[in-house]
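Trainee: Got a sequence here, can you build the structure:
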Amino acid sequence: MNIWIFSVACITLVAFVAHVFVGTRETAAIVPASTDDKLTSNWVQAMCAFQMLSVDLLVVAAVLFAIVFFDFGPVERPVVLLLSLLFFLWGLVWVVQMKWLNRPAATLLRLPHWIIWFFCAALLYQGS
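Mentor: As a prediction, the model looks like this:
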């Protein structure tokens, strides 16, 4: 068993569960007034996009657990490296988006998701 990949699979599964239960509750709490059609439309779009990432997290966790428990031969390393790149890009996009939006109430330290994604990218690279 590759402990590096197993660790990322577990982190990703926890992120999925947190995303579905905690994140959905938090995002649902900011529902706009039903009289504001534009804001309601934007909020529904954000809720849908948020859940699309939940699906991504679940699929990535499943692939990582499959890699941990089954031998995929020569295709395994490229897949792990590709997933490492995916986690790196998630972290990079998070940092760029945070810097671009530049809101004092939402700093990189207050929303440190990017640290988890860069950490997972490094673990996967190490485990490849």
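Trainee: going forward, measure contacts and count neighbours with C-alpha atoms only.
Mentor: Fine.
Trainee: Distance of residue 33 relative to residue 43?
Mentor: As defined by C-alpha to C-alpha, to the nearest Å, residue 33 lies at a distance of 11 Å from residue 43.
Trainee: neighbour-wise, which of these two wins?
Mentor: residue 43 (17 against 9; other C-alpha atoms under 10 Å).
Trainee: Run a quick neighbour tally on the closest residue to that one other than its chain neighbours.
Mentor: Take residue 43 and drop its neighbours on the chain: the residue closest to it by C-alpha to C-alpha, 6 or more residues apart in numbering is residue 31, 6.8 Å away. Using other C-alpha under 10 Å, residue 31 has 13 other residues around it.
Trainee: tell me the secondary structure for residue 31?
Mentor: coil (DSSP: H, G, I helix; E, B strand; the rest coil).
Trainee: State the pLDDT value of it.
Mentor: Note for residue 31: predicted pLDDT of 87.
Trainee: same question, residue 90
Mentor: As summarised for this prediction, residue 90 has a pLDDT of 96.
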